[in-house]
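> test case, fold it:
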Amino acid sequence: MTERVLLTGATGFVGSFLLKTLLTATDADVVCLVRAPDPAAGWRRLGEGLAWDAEPLPSRRITIVTGDLTRDRMGLHAPTFDALSRSVDLVLHAAADANHAAGFARLEAANVAGTRAALHLADAAGARFHLLSSLAVFDACGRTAPVDEDTALDRLPVPEGGYGQSKRAAERLTAQAFSAGLSGAIHRLGRISGDADSGLCQRNDGLWMLIRAGLRFGALPDVDVRIDLTPVDFAARAIVALSQAAPARTPHTFHLHNPRPADMADVARAASRLGRTVTLVPVEQWRQILTTAGRREAADRMLMLIARLVDDTLGTRMPPVDSTRTRDRLGALGLVCPPLDDALLDRYFAYFTRTGFLPADTPALSGTVR
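As a prediction, this is how the structure comes out:
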């Protein structure tokens with residue numbers, strides 16, 4: 001019998017790739033919960049997803065239901081909810097508000113209440129439940145030792161940011177449901193980047209906005225941090241494969257990040273290979289460059305926000321992440337994360353330059369790229 005999957009968040013960046021992977025790597029029928037006034041508007045929103053860039057949206061195996069995760073029964077009419085509870089085999093919960101600048105109070109409805117509603121349906125259906133979470137649950141936890149899939153969150157300080165707090169609360173609800181007998185897994189994602197083959201990527205990612213601002217002024221912050229970029233197509237394949245594999249007793253949690261990251265010097269060299277002159281400067285000097293420009297250019301206050309959130313954007317307060325067990329499990333499924341090497345960085349820069357997101361050239365500051 002064909003499996004039926006309920007996918008939330010299909011109109012988002014990762015969600016659109018999850019939908020594409022479900023349709024290409026499995027024979028499942030997919031029900032997409034979309035916030036829209038009617039199914040026709042839902043189809044339009046779905047077709048705007050980046051995974052479908054220049055491709056027709058297949059419809060034969062997709063069903064659109066309109067709803068709202070922040071409301072009871074996900075905003076569905078009782079007959080629709082009941083019908084789903086009788087037919088869904090897997091709930092893949094990818095919907096979330098990923099605003100890292102927002103506080104917990106603003107994010108609670110989407111990220112916590114939304115998870116509770118999705119769990120309610122999975123429980124009613126007796127379906128497997130897979131939650132997309134984030135490594136931000138470890139943000140600013142004060143730990144220097146690596147955190148792995150079994151690290152107990154309740155023994156660590158609460159994250160400073162509202163996003164990490166909301167994802168930790170969502171994980172707590174999910175863990176309680178697992179303890180009560182629900183099957184599934186939690187997938188903690190690192191920083192998700194573009195498609196490894198085409199370079200196609202979202203533009204509202206904090207890191208790329210930071211890089212764009214840096215290229216605008218010919219400078220990037222000289223910070224001692226490893227930049228974790230996990231190609232979105234790999235992440236989608238990994239999540240779908242893990243959701244389809246026979247449930248394992250442990251771990252119920254997976255860490256999906258790039259075990260071969262880059263650093264800011266690698267990014268600067270990638271820019272230089274495209275003919276850009278980019279200098280690494282002390283982070284406080286870089287903050288001042290952006291803050292001064294933001295004050296001078298009233299129409300570009302985003303510069304000041306980027307300067308203020310540089311630590312959050314680069315993950316400088318994150319402890320080392322151990323994903324050994326996840327890599328072993330994915331390796332057994334034939335999946336290996338592409339390394340963030342020169343070729344992949346060049347592909348991303350080429351995409352952003354071709355689409356006009358990155359400036360065509362940059363001014364030069366005194367100094368050289370290390």
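> which residues sit against the helix or strand residue 269 falls within?
Under the assignment given by DSSP states H and E, the secondary-structure element containing residue 269 is helix 264-273. Helix 264-273 is contacted from outside by 211, 215, 220-223, 225, 227, 278-280, 340, 342, 345-346, 348-349, 362, 369-370, using CB atoms under 8 Å, 6 or more residues apart in numbering. All C-beta atoms are positioned from the backbone trio N, CA, C, and that covers glycine.
> list the buried ones in that helix?
Buried residues in helix 264-273, defined by neighbour count with 16 or more other CB atoms under 10 Å: 264, 267-271.
> adding distance to residue 78 and pLDDT, write the residues you listed out as CSV.
Listed next are the buried residues of helix 264-273 as CSV, based on distance: CB to CB, whole Å; pLDDT from 0 to 100:
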residue, distance to residue 78, pLDDT
264, 53, 91
267, 51, 93
268, 56, 93
269, 58, 94
270, 53, 93
271, 55, 91
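> which of those residues lies closest to residue 184?
residue 267 (36.1 Å; CB to CB).
> the residue nearest to residue 25 when sequence neighbours are not counted: which element?
Computed as CB to CB, 6 or more residues apart in numbering, the closest residue to residue 25 that is not its neighbour in sequence is residue 240, at 5.7 Å. Secondary structure assigned from DSSP H and E places residue 240 in helix 232-244.
> residue boundaries of the helices in the stretch 101-250 of the chain?
Under the criterion DSSP state H, counting those that start in this stretch, helices of the stretch 101-250 of the chain are mapped to 104-107, 114-125, 162-179, 206-217, 232-244.
> I'd like the next helix or strand past the helix holding residue 269.
Counting by DSSP H and E, the element after helix 264-273 in chain order, helix or strand, is strand 279-282.
> ok, which stretches of the stretch 51-200 of the chain are strands?
Taking DSSP state E, counting those that start in this stretch as the test, the strands found in the stretch 51-200 of the chain are 62-66, 90-93, 128-134, 184-189, 192-193.
> turn those strands into JSON lines, columns for mean pLDDT.
Formatted as JSON lines, the strands of the stretch 51-200 of the chain follow (pLDDT from 0 to 100):
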{"stretch": "strand 62-66", "mean pLDDT": "96"}
{"stretch": "strand 90-93", "mean pLDDT": "98"}
{"stretch": "strand 128-134", "mean pLDDT": "97"}
{"stretch": "strand 184-189", "mean pLDDT": "97"}
{"stretch": "strand 192-193", "mean pLDDT": "95"}
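> distance to residue 1 and mean neighbour count added to these, as TSV?
Output for the strands of the stretch 51-200 of the chain, formatted as TSV (distance: least, CB to CB, whole Å; neighbours: other CB atoms under 10 Å):
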stretch	distance to residue 1	mean neighbour count
strand 62-66	16	18
strand 90-93	13	28
strand 128-134	15	25
strand 184-189	20	23
strand 192-193	32	26
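> contacts for the worst-scoring helix or strand of the chain on mean pLDDT?
Of the helices and strands making up the chain, the lowest-confidence element is helix 310-314, at a mean of 74, by mean pLDDT, DSSP states H and E. Defining contact as CB under 8 Å, 6+ apart, one finds that helix 310-314 is touched by 100-101, 139, 161, 206-207, 209-210, 221, 223, 225, 227, 283, 286-287, 306, 316-317.
> of those residues, grab the buried ones for ChimeraX.
The ChimeraX command for the buried members of the contacts of helix 310-314 (criterion: 16+ other CB under 10 Å) is given here:
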select :100,139,161,206,207,209,210,221,223,225,227,283,286,287,306,317
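> now residue 197: how far from residue 163?
As for residue 197, its distance to residue 163 is 29 Å (criterion: CB to CB, to the nearest Å).
> looking at those two, which one has more neighbours?
Neighbours were tallied for residue 197 and for residue 163 using other CB atoms under 10 Å; the higher tally belongs to residue 163 (25 against 11).
> tell me the contacts of that one?
With contacts defined as CB under 8 Å, 6+ apart, residue 163 is in contact with 98-100, 102, 107, 111, 134, 136.
> how close does it sit to residue 312?
In this structure, residue 163 lies at 9 Å from residue 312, with CB to CB as the measure.
> can you check residue 58 too?
Counting by CB to CB, the gap between residue 58 and residue 312 amounts to 37 Å.
> quick one: which of those two has more around it?
Just comparing residue 58 and residue 312: by other CB under 10 Å the higher neighbour count belongs to residue 312, 20 against 13.
> any idea how far residue 140 is from the more buried one?
Here residue 312 is placed at a distance of 9 Å from residue 140 (CB to CB).
> please identify every residue contacting each of the two.
With contacts taken as CB under 8 Å, 6+ apart, residue 312 and residue 140 have residue 161 as neighbours in common.
> low pLDDT regions in this structure?
Residues of the chain that meet the criterion pLDDT under 70 lie in 248-251, 297-301, 360-370.
> related to what we said a few turns ago, mind putting the contacts of residue 163 into CSV with distance to residue 21?
Below are the contacts of residue 163 laid out as CSV (distance: CB to CB, whole Å):
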residue, distance to residue 21
98, 20
99, 25
100, 25
102, 29
107, 26
111, 23
134, 19
136, 23
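> pull out the buried residues from those.
Among the contacts of residue 163, those that count as buried by neighbour count (16+ other CB under 10 Å) are 98-100, 102, 107, 111, 134, 136.
> now for those residues: which two are most distant?
Put simply, by CB to CB the two of the buried ones among the contacts of residue 163 set farthest apart are 102 and 134, 13.8 Å from each other.
> contact partners for residue 324?
By CB under 8 Å, 6+ apart, the contact set of residue 324 is residue 148.
> do you know how far it is from residue 149?
Residue 324 sits 8 Å away from residue 149, taking CB to CB as the criterion.
> now do residue 134
Plainly put, residue 134 is 14 Å away from residue 149 if you go by CB to CB.
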